[in-house]
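Participant: return atomic coordinates for the entry below.
(one chain, ligands or ions: 1)
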Amino acid sequence: MSFNEKQASEVPTNHPRYLSLKYRHKIIDGMHNLVVTEAGLIAHGRGECFDYILGEKTNEFADKAIKAAVALLILAKHPTISVNGNAAALCAKDLVLLSQYTNAPLEINLFYRKEGRIEAIKSLLESYGASRVLGTEPSRMIEIEELSSNRRKVDPEGIHSSDVVLVPLEDGDRTEALKRIGKKIIAVDLNPLSRTSIWADITIIDNIVRTLPKMVEICKELKNKNKQYLNKILTDYNNHKTIQDALNHIIKYVKSQKRKAFEILKN
Ligand code: PTJ
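Facilitator: Residues are numbered from 1 along each chain as shown. Down below sits the predicted model:
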C-alpha cells in the first residue's frame, strides 16, 4: 500500500468531507502514476472551490445541461470524448461506459506532455474495458492550426473528424478554437465563468464525478428515443440561461451560508 493509499484509507467514512477527501486522494494517486500532471492538483483545487459554492450537488441547471448533452451525443454523426489526466483519474470507468453507450471514441488529449503519461492513461482506460483509445499514436496526429498548445495535436479518426466533442475539465483556449473550425462543444466545468464554459454549446456546471455517472444513466433512457424527441430537448435548451442560473445559484447559496455562519457566530 502506497503512503497516499494508506492516508486515503485512514479517512473515516463518516468524516463530513469524506467524498471530497476520497477524490483528492484519487488525484494524488493519479499524479504518482503519471495519469495526472502536477498542475492537475491545482486544477482540482480550483474545481473544489467552485464545487463548494455550488453546494456540492448537481443543481437543476446542470441536470438540464446533462440531458441536452446526452441528446447531442446520441444525435451526433461522429462524436468524440476528449480525455485528460484529471478526467481519467476521477472517472475512467464512466468515461468508458459513456463511450460505449454513445459510440463516441475516447481520445487522449493532453495539455502537459510527459513521457509515459499517454500510456498510463491508456492502460487505465483499458483496465475498465476500453477497446480502442485514440490519440495514442504521435506519428498519425494532425495539428489544429487555430491552437498553439499541445492540445492542437488531434487524431484523424477522433476530434479531427468530429462534429461534437465532449471536453471535460478543460483549460482555456481549446473550446474557442474547436468552435471556430465548426465543432459543437459539450463542456463539464465547475467554473461558470471560464472561457470554456462561456464558449461551449452546452456547459455542464457540475463536478465531473457526479456528471459522468448521470450521463451514463440518461444515455440508457434516451438511446431508444427517436430523433424528433432528442431534437426537441436540444431546441428547448438554452446555454445562456444555464450560465445565468448557475451564477444566480452561487450568489443565493453564498448568501444562505453567510446567514448560517452568522447564526453560529452570534451564539
Ligand atoms: O492532463 P492535462 O495535461 O491535459 O492537464 C489537465 C489540466 C486540468 C491540468 C489542464 O487542463 C488545466 O490546467 O486546466 P485548468 O486551466 O486548471 O482548468 C480546469 C477547469 O476545470 C477549471 O475551470 C476548474 O474549475 C475545472 N474543474 C476542476 N476540477 C473539476 C472541474 N470541473 C468539473 N469537475 C471537476 N472535478
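Participant: that's a strand at V165, yeah?
Facilitator: Yes - per DSSP: H, G, I helix; E, B strand; the rest coil, V165 lies within a strand segment.
Participant: other SSEs contacting the helix or strand where V216 lies?
Facilitator: Element membership for V216, per DSSP states H and E: helix 208-222. With contacts defined as 3 or more CB pairs under 8 Å, 6 or more residues apart in numbering; DSSP states H and E, helix 208-222 has these neighbours: helix 60-75, helix 85-102, strand 164-168, strand 184-188, helix 227-236. All C-beta spots, glycine's among them, are computed from the backbone N, C-alpha and C.
Participant: mind running it again at 6 Å?
Facilitator: With contacts taken as 3 or more CB pairs under 6 Å, 6 or more residues apart in numbering; DSSP states H and E, helix 208-222 sits against helix 60-75, helix 85-102.
Participant: that one and the ligand in contact?
Facilitator: Yes - applying CB under 6 Å from any ligand atom, one finds that helix 208-222 is in contact with the ligand at 208-209.
Participant: contact partners of that helix?
Facilitator: 23, 58, 66-67, 70, 74, 90-91, 94, 97-98, 101, 168-169, 188, 204 (CB atoms under 6 Å, 6 or more residues apart in numbering).
Participant: now the angle between helix 60-75 and it, please.
Facilitator: 50 degrees (axes from the mean of the first three to the mean of the last three CA atoms, to 10 degrees).
Participant: buried stuff in helix 208-222?
Facilitator: 208-216, 218-219, 222 (16 or more other CB atoms under 10 Å).
Participant: re the thing from before, report the two of the contacts of helix 208-222 separated the most.
Facilitator: Pairwise distances across those (CB to CB) peak at 28.2 Å, for the pair Y23 and I74.
Participant: residue of the protein nearest the ligand, please.
Facilitator: At 2.2 Å from the ligand, G47 is the closest residue in the chain, using CB to the nearest ligand atom.
Participant: and C91, how many neighbours?
Facilitator: Neighbourhood size, C91 [other CB atoms under 10 Å]: 28.
Participant: ok, the closest residue to it other than its chain neighbours to Q228 distance?
Facilitator: Nearest residue to C91 in three dimensions, chain neighbours excluded: L212, at 4.5 Å (CB to CB, 6 or more residues apart in numbering). Separation of L212 from Q228 (CB to CB, to the nearest Å): 27 Å.
Participant: what does Y101 give?
Facilitator: For Y101, the distance to Q228 - CB to CB - is 20 Å.
Participant: tell me which of the two has more neighbours.
Facilitator: Y101 (19 against 7).
Participant: and the pLDDT for the closest residue to that one other than its chain neighbours?
Facilitator: Ranked by CB to CB, 6+ apart and with sequence neighbours excluded, the top spatial neighbour of Y101 is C219, at 4.1 Å. Listed pLDDT for C219 reads 97.
Participant: again with Q7
Facilitator: Per-residue confidence at Q7 stands at 66 (pLDDT).
Participant: point out where the protein drops to low pLDDT.
Facilitator: Counting by pLDDT under 70, the chain contains low-confidence residues at 1-9, 11, 16.
Participant: enumerate the residues of the protein near the ligand.
Facilitator: Within the chain, the positions near the ligand by CB under 6 Å from any ligand atom are 37, 39-40, 43-44, 46-47, 50, 84-86, 90, 110-112, 169-171, 188-191, 194, 207-209.
Participant: any idea how far the residue most central in space within the chain lies from R140?
Facilitator: Nearest to the mean C-alpha position of the chain, by CA atoms, centre = their mean, lies P168 at 2.5 Å. Remark: distance between P168 and R140 (CB to CB) = 24 Å.
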